[in-house]
Every structure is written in structure tokens, then in C-alpha cells.
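>>> Sequence and predicted model, in that order:
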Amino acid sequence: MEVAKLKTLITDILEDAKAEDIIDIDLRGKSSIADQMIVASGTSRTHVAAISDRLRKGVRKGGYGRPRIEGLPHCDWVLVDCGDVIVHVFRPEVRSFYNLEKLWSVDSPQEHLAV
């Protein structure tokens, strides 16, 4: 499945970029915007920007087209739209404020990805 391969690529990029608290949210049946959402944190604005840049380059290099990015240059919350997978990269305090995991009802420990 193409979505699974894209999700794996994105997760690998996030782990290589030292993103923290990576969480996968299955959107199938919940939303038509994408099949998967991945939420991750960077330790600073610079780290969030670097993670987003690595995602942009890695997804394109992987043959999945050019992702659309919102949130630069502020880098408090950057959204990387990779089509069927949407990635949100936050600074920790911004992530806790918006709490997307609660909004999308992520409670299951198996939905947390190991870092």
C-alpha cells in the first residue's frame, strides 16, 4: 500500500531528524483530508524548521511529489502536507496548547511510534 510506504518514509525521516514524541493518527473514516496524520515535536524553532526541511527534501526524493508546507518562517507549528499523510511539527509548548492528539482522540498506546 502506497500510504503505508509514505508513512514509513516520513517516520524514518522524523526519527533521523531527532523529532520527539512521534504519534500516528489514523484518519480513515474520521476525515477526508488524509488517511494518516503524524504529530511530532522539535526542541526549538530551529529544530522544527530543520525537521520540516528534511521532510520536504526526503518526501520529494522518495518520489512522492512536492509537499506543501505552512508555518514557515515562524516555526512554532509547521504543517507538511504530503497528500495522504499530513505531518504536524510543533514546538512542545505549542503542541500542548493545541493538543491535536486529544482533538483526534488518540488514546491507544499502540498508536504511539517509538523514537
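The structure has been received and is ready for your questions. Note that this is a predicted model, so its numbers are computed, not measured.
>>> Hmm, Arg54 is touching Glu15, no?
No: using C-beta atoms under 8 Å, Arg54 is not in contact with Glu15; the gap is 10.7 Å. To be clear about C-beta, it is placed using only N, CA and C from the backbone, and glycine gets the same treatment.
>>> now the residue nearest the centre of the chain, which residues is it bridged with?
By C-alpha atoms, centre = their mean, the chain has its centre lying nearest to Val87, at 2.5 Å. Applying DSSP bridges to Val87 yields these beta-bridge partners: Ile38, Val80.
>>> those helices in this protein, which residues are they?
2-16, 45-61, 92-98, 100-103 (DSSP state H).
>>> Return the set of buried residues in the helix or strand of the chain with the lowest mean pLDDT.
Ranking every helix and strand in the chain by mean pLDDT, DSSP states H and E puts helix 100-103 at the bottom, with a mean of 86. For helix 100-103, burial by neighbour count (16 or more other C-beta atoms under 10 Å) applies to Glu101.
>>> Next: stretch 40-53.
The neighbour-count check on stretch 40-53 (16+ other C-beta under 10 Å) flags Ala40, Ser41, Gly42, His47, Val48, Ala49, Ala50, Ile51, Ser52 as buried.
>>> Name the nearest of the residues you listed relative to Asp76.
Distance to Asp76 across these (C-beta to C-beta) is lowest for Val48, with 7.4 Å.
>>> Let me know whether that closest one touches Val78 as I believe.
Yes: between Val48 and Val78 there is a contact at 5.6 Å, judged by C-beta under 8 Å.
>>> what's the overlap in contacts for the two?
Val89, Phe90 (C-beta atoms under 8 Å, 6 or more residues apart in numbering).
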